[in-house]
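Q: need coordinates for the below:
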Amino acid sequence: MILKLPTALTWMRILLIPVLVIICYLPDPCMVAEARNWVAAGVFVLAAVTDWFDGYLARALNATSKFGAFLDPVADKLIVAAALIVLVDLERTNAIFAMIIIGREITISALREWMAQLGQMKSVTVAMIGKIKTGAQMVAITALLLYEPILPWISTVTVGTIAMWIAVLLTIGSMLHYLRLAMPHIRETTLDSPSDKTDQ
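A: Numbers count the residues shown, from 1 in each chain. Below you'll find the predicted structure:
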């Protein structure tokens, strides 16, 4: 049972997605706006914590699996995409930012899948810029979900907006980084395609 705990945490992160969305759209009679913001931000933070914790447990308990390795990044991308869509709908962030971040995740996921088929997955493993990008995303989304001042001199709107700009710039930079690493294999595959070969 312990060996299944990391995957269970990943599934819990996926189940938190509808919880997050429902909380954000609860009517005032059920929950006032300020409470909705705090609870929604708390749910997202909980998801982020389980993301770190399930990876830690998988390594510590030697409970890694191919399915877990597949499901973990899927869960991450789903909850980030859901949160971004909610923030756009609530007019707390720009739709272009959400499209850039979500588009990048789809592109790099497809690229990694293709590279794995070539046996070159190590060429596009997570780089430091990707980790920093993820951190900036977490800060931005949490702050914009909260949307309430933590202290009189700390505006979560300002913090979230600045962090979102940083996340978007790092998102573009990390995508270019991974595409650059994959480019030799893309060129090689293109040159080796049947349409490019002459009859012998």
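
Q: spatially central residue (nearest the centroid) of the chain, please.
A: Lys77 (3.9 Å; CA atoms, centre = their mean).

Q: go ahead and confirm that one touches Ile108.
A: No. With contacts counted by CB atoms under 8 Å, Lys77 stays clear of Ile108, the gap being 9.6 Å. C-betas here are computed from N, CA, C, even on glycine.

Q: got the contact list for the residue nearest to the centre of the chain?
A: Glu105, Ser109 (CB atoms under 8 Å, 6 or more residues apart in numbering).

Q: one more: Val139?
A: Contacts of Val139 (CB under 8 Å, 6+ apart): Val159, Gly160, Ala163, Ala167.

Q: with Leu26 instead?
A: Applying CB under 8 Å, 6+ apart, the residues near Leu26 are Arg36.

Q: how close does it sit to Ala136?
A: Distance, Leu26 to Ala136, by CB to CB, to the nearest Å: 28 Å.

Q: what do you get for Thr64?
A: 27 Å.

Q: out of the two, which sits in the more crowded spot?
A: Ala136 (20 against 16; other CB atoms under 10 Å).

Q: which residue, other than its chain neighbours, is closest to that one?
A: Ala167 (3.9 Å; CB to CB, 6 or more residues apart in numbering).

Q: just checking, the one you found touches Ile132?
A: No. In this structure, Ala167 is not within contact of Ile132 by CB under 8 Å, at 9.2 Å.

Q: who has more neighbours out of the two?
A: Ala167 (25 against 15).

Q: what average pLDDT does the helix or strand harbouring the more buried one get?
A: Ala167 belongs to helix 156-191 when assigned by DSSP states H and E. Average pLDDT, helix 156-191: 87.

Q: how distant is that helix from the center of its chain?
A: Computed by CA atoms, centre = their mean, to the nearest Å, the chain-centroid distance of helix 156-191 equals 13 Å.

Q: buried residues in it, which are they?
A: 156, 159-161, 163-164, 166-168, 170-171, 174-175, 177-178, 181-182, 185 (16 or more other CB atoms under 10 Å).

Q: ditto for stretch 19-36
A: Leu20, Val21, Ile23, Cys24, Arg36.

Q: stretch 61-79 now?
A: Buried-residue list, stretch 61-79, by 16+ other CB under 10 Å: Ala63, Thr64, Gly68, Leu71, Asp72, Pro73, Ala75, Asp76, Lys77, Leu78, Ile79.

Q: burial count for the nearest residue to Pro73 once chain neighbours are set aside?
A: Spatially, and ignoring its direct neighbours in sequence, Pro73 is nearest to Ser109 (7.2 Å; CB to CB, 6+ apart). Neighbour count of Ser109, defined by other CB under 10 Å: 13.

Q: just the pLDDT for Ser109.
A: 85.

Q: any idea how far Ala48 is from it?
A: Applying CB to CB, the value for Ser109 to Ala48 is 19 Å.
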